[in-house]
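Peer 1: Just a sequence and a predicted model for now, questions to come.
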Amino acid sequence: MAEFVSLAQGVEAVLSDGCSVAMEGFTHLIPHAAGHEVIRQARKRLTLIRMTPDLVYDQMIGMGCAEKLVFSWGGNPGVGSLHRFRDAVENGWPHKLEIEEHSHAAMANAYEAGAANLPFAVFRGYKGVDLPKVNPKIKSVTCPYTGEVLATVPAIRPDAAIIHALKADREGNVLLEGIVGVQKEAVLAAKRSLVTVEEIVDDFGPRNANAVILPAWTVTAIAHVPGGAYPSYAQGYYKRANDFYIAWDKIARERETFLAWIKANVLEKGPEAFAQHARPSRQAA
C-alpha cells in the first residue's frame with residue numbers, strides 16, 4: 001500500500017545505484033522534481049527507460065547518473081538536440097552511455113507486457129525499417145494460428161517507476177487526467193513506484209472521461225510536490241514553460257554552463273523550489 005513520504009525519502013525508498021528506472025510522462029506530468037532529487041542523491045549506474053527522453057534525462061545523463069538509456073525518441077521537443085545526451089554518446093562525457101533504441105509502438109507494447117507479467121511483447125511492426133539491424137533485442141515469432149511473422153521485444157520490467165500525477169487521495173489512490181502516456185503501465189510493470197503529486201485531497205470529485213486511477217496497492221510511495229512537473233505542465237495547475245525549453249538549448253550546449261546551472265538550480269535547491277510554479281489555489285492545505 002502507498003506510503004506518504006517526502007520526495008527525498010521516496011527516491012531513497014525506490015531507487016538505488018545500478019537500478020533500472022522508468023520516469024514517464026508524455027509532454028504532460030513529466031517528473032522533473034523527482035529527477036532533480038535523483039541527481040541530488042548522486043545515483044549512479046542507472047538504466048534510464050523513457051519513451052521520449054527530454055530535458056530531465058538530459059540533466060541526469062549529464063550528471064553521470066546513467067550508464068544505459070532505453071528509449072524510442074530523444075530530443076528537446078520543438079527545439080533540437082539534447083546536448084548532454086549527445087556528449088555522452090559521442091564523447092563519453094561524463095562517461096560512456098549505452099543506448100537501446102526502439103519505436104514508440106515497441107515500447108508501449110513492452111510496457112503492456114511488463115504490466116501483464118509476460119516475458120515479451122508481440123505486435124505488428126518493424127517491417128522495412130533498420131532498427132532491428134542495430135538492436136539485437138528486436139526479434140520475430142511466427143503466429144502458430146495464422147503463420148504471420150510478428151515482431152517481438154522483451155517486456156519492460158523496471159526496478160522502479162517514477163511518475164508525476166495531479167492528485168492523490170488520503171488513502172493513497174492516484175489520479176491522472178489530460179494527456180496520459182504509459183504511466184499506468186510503467187507503474188504496474190515496476191517492482192517499486194514513486195508518485196509525486198500536485199495535491200492531496202479527500203475526494204477526487206468529478207473526473208474527465210480519460211481519467212486514470214492507480215489504486216493505492218499499486219504504488220509504493222507518494223510525495224506531495226506542487227509544481228513537480230515544471231517546466232512541463234500539469235493540466236489545471238500550470239502551463240508548459242516553452243521559454244525554458246528554448247533556453248535549455250543554450251544552457252546545455254557547453255559542459256561549463258550546464259554544470260553551473262545544475263549547481264545553482266538543483267544541487268543548491270530542494271523540491272520546494274518547484275512550488276512557485278504551482279497554482280496556489282490548488283495546493284493542499
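Peer 2: Cool, the structure landed. Keep in mind the model is a prediction, meaning the values are calculated, not measured.
Peer 1: so which helix or strand takes in the closest residue in space to H95 that isn't next to it in sequence?
Peer 2: Nearest non-adjacent residue to H95, counting by C-beta to C-beta, 6 or more residues apart in numbering: G64, 6.1 Å away. Quick note: C-beta positions are derived from backbone N, CA and C, even for glycine. Per DSSP states H and E: G64 is located in neither a helix nor a strand.
Peer 1: quick one, strands of this structure?
Peer 2: With strands called from DSSP state E, the chain shows them at 3-5, 20-23, 46-50, 66-71, 98-101, 120-123, 139-142, 149-154, 160-169, 174-176, 192-201, 212-214, 221-224.
Peer 1: export those to CSV and tack on mean neighbour count?
Peer 2: As requested, those are arranged in CSV below (neighbours: other C-beta atoms under 10 Å):
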stretch, mean neighbour count
strand 3-5, 16
strand 20-23, 26
strand 46-50, 24
strand 66-71, 20
strand 98-101, 15
strand 120-123, 18
strand 139-142, 12
strand 149-154, 19
strand 160-169, 27
strand 174-176, 25
strand 192-201, 24
strand 212-214, 19
strand 221-224, 24
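Peer 1: how about these in JSON lines, adding distance to R253 and mean pLDDT?
Peer 2: Converted to JSON lines, those look like this (distance: least, C-beta to C-beta, whole Å; pLDDT from 0 to 100):
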{"stretch": "strand 3-5", "distance to R253": "36", "mean pLDDT": "98"}
{"stretch": "strand 20-23", "distance to R253": "23", "mean pLDDT": "98"}
{"stretch": "strand 46-50", "distance to R253": "21", "mean pLDDT": "98"}
{"stretch": "strand 66-71", "distance to R253": "19", "mean pLDDT": "98"}
{"stretch": "strand 98-101", "distance to R253": "20", "mean pLDDT": "98"}
{"stretch": "strand 120-123", "distance to R253": "37", "mean pLDDT": "98"}
{"stretch": "strand 139-142", "distance to R253": "38", "mean pLDDT": "97"}
{"stretch": "strand 149-154", "distance to R253": "33", "mean pLDDT": "97"}
{"stretch": "strand 160-169", "distance to R253": "27", "mean pLDDT": "98"}
{"stretch": "strand 174-176", "distance to R253": "33", "mean pLDDT": "98"}
{"stretch": "strand 192-201", "distance to R253": "29", "mean pLDDT": "98"}
{"stretch": "strand 212-214", "distance to R253": "37", "mean pLDDT": "96"}
{"stretch": "strand 221-224", "distance to R253": "32", "mean pLDDT": "98"}
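Peer 1: of those strands, which approaches A13 most closely?
Peer 2: Smallest distance to A13 across the strands of the chain (C-beta to C-beta): 5.3 Å, for strand 221-224.
Peer 1: Just the CA atoms of that closest one, as CSV, please.
Peer 2: Backbone C-alpha positions of strand 221-224 (Å, rounded to 0.1, in the frame of the first residue of the first chain) are rendered in CSV as follows:
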residue,chain,number,x,y,z
ALA,A,221,5.3,5.8,-2.1
ILE,A,222,3.6,9.2,-2.7
ALA,A,223,5.3,12.6,-2.2
HIS,A,224,3.4,15.9,-2.2
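Peer 1: Fine by me, we can end here.
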